[in-house]
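Colleague: Output the structure for:
(2 chains)
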Amino acid sequence: DQQVKQNSPSLSVQEGRISILNCDYTNSMFDYFLWYKKYPAEGPTFLISISSIKDKNEDGRFTVFLNKSAKHLSLHIVPSQPGDSAVYFCAASGGTDSWGKLQFGAGTQVVVTP
Amino acid sequence: GAVVSQHPSRVICKSGTSVKIECRSLDFQATTMFWYRQFPKKSLMLMATSNEGSKATYEQGVEKDKFLINHASLTLSTLTVTSAHPEDSSFYICSASPNRETQYFGPGTRLLVL
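Modeller: As a prediction, this is how the structure comes out:
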């Protein structure tokens, strides 16, 4: 079963505006959440992560918010740039014997238009 | 920043032959590395956890005799696809973590079995 879900397969946003990507999870044992950006035929590029003891982490244009009670996290990109057009994956890890094992969402294709 | 390399980036082989893919962590030691597979337009699927000095741990449904993993040192893991068949054609990606909060992926290896 899919423990990490990204329900929006695609998102179109205008350059300079905010991109908000959402991710839901079902496993309450997850304690680390990571966001990746991926281009076709390339490995994922790490963007930002958050541990379950925090509710917000910010790095430059990227901010991740975690709502543990709702089992929901989001990635905000502001301002969006054309180079941000890619597929974004949400990933989670946690629980016993799970160090580093990531469960990925299905991804959201972001298109930033001029 | 941390870098994970993979070699080769692309390989074409005949059905029945074996293919070895190398994964290296270039600026940190990794006692654990991970191997993923991505099908076209799908998310990343964890295949196995590569453990330095011990046997790899395979995810359910992954044939350990088909996908041989050797973690020879703290910076090198290899995945060998044995007796490859066309259905093994895929994009294989490795990753390594210096800590719980980050995990870096290699650029991936595109395997095509004819």
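Colleague: how about the residues of chain A near chain B?
Modeller: By C-beta under 8 Å from any C-beta of the partner chain, the residues of chain A that approach chain B are A:32, A:34, A:36, A:41-46, A:49, A:51, A:89, A:91, A:93, A:99-107. For the C-beta atoms, the positions are set from N, CA and C on the backbone; glycine is no exception.
Colleague: so A:Trp99 sits right up against B:Asn99, yeah?
Modeller: No. If you go by C-beta atoms under 8 Å, A:Trp99 and B:Asn99 don't touch, sitting 10.0 Å apart.
Colleague: what about those two, which has more around it?
Modeller: A:Trp99 (14 against 11; other C-beta atoms under 10 Å in any protein chain shown).
Colleague: OK, contacts around that one?
Modeller: Residues counted as contacts of A:Trp99 (C-beta atoms under 8 Å, 6 or more residues apart in numbering or on different chains) are A:93, B:32, B:97, B:100.
Colleague: does the first one belong to a helix or a strand, and which?
Modeller: Of the helices and strands defined by DSSP states H and E, A:Ser93 is found in strand A:86-94.
Colleague: name the helices or strands packed onto that strand?
Modeller: strand A:4-5, strand A:19-25, strand A:30-38, strand A:72-77, strand A:103-104, strand A:108-113 (3 or more C-beta pairs under 8 Å, 6 or more residues apart in numbering or on different chains; DSSP states H and E).
Colleague: quick revisit: buried ones among the residues of chain A next to chain B?
Modeller: Listed as buried from the residues of chain A next to chain B are A:32, A:34, A:36, A:42-44, A:46, A:49, A:89, A:91, A:93, A:100-107; burial here means 16 or more other C-beta atoms under 10 Å in any protein chain shown.
Colleague: Contact residues of chain B facing chain A?
Modeller: B:4, B:6, B:32, B:34, B:42-46, B:49, B:91, B:93, B:95, B:97, B:100-108, B:110.
Colleague: Quick test: name the residue nearest the centre of chain B.
Modeller: What sits nearest the mean C-alpha location of chain B, by C-alpha atoms, centre = their mean, is B:Trp35, with 3.7 Å.
Colleague: And that one, its phi and psi?
Modeller: phi -120, psi 130 (degrees, to the nearest 10).
Colleague: surely it meets B:Met47?
Modeller: Yes. Taking contacts as C-beta under 8 Å, B:Trp35 lies within contact range of B:Met47: 4.7 Å.
Colleague: which residues of the chain score low on pLDDT?
Modeller: Using chain A. A:96-98 (pLDDT under 70).
Colleague: not what I meant, chain B
Modeller: Answering for chain B: the residues below the bar, that is pLDDT under 70, span B:1-2.
Colleague: of all of chain A, which residue lies closest to chain B?
Modeller: The minimum distance from chain A to chain B, using C-beta to the nearest C-beta, falls at A:Gly43 (3.8 Å).
Colleague: Settle this for me: that residue is touching B:Gln6, isn't it.
Modeller: Yes. A:Gly43 is within contact range of B:Gln6, at 7.5 Å (criterion: C-beta under 8 Å).
Colleague: list residues touching both of these two?
Modeller: B:93, B:106-108.
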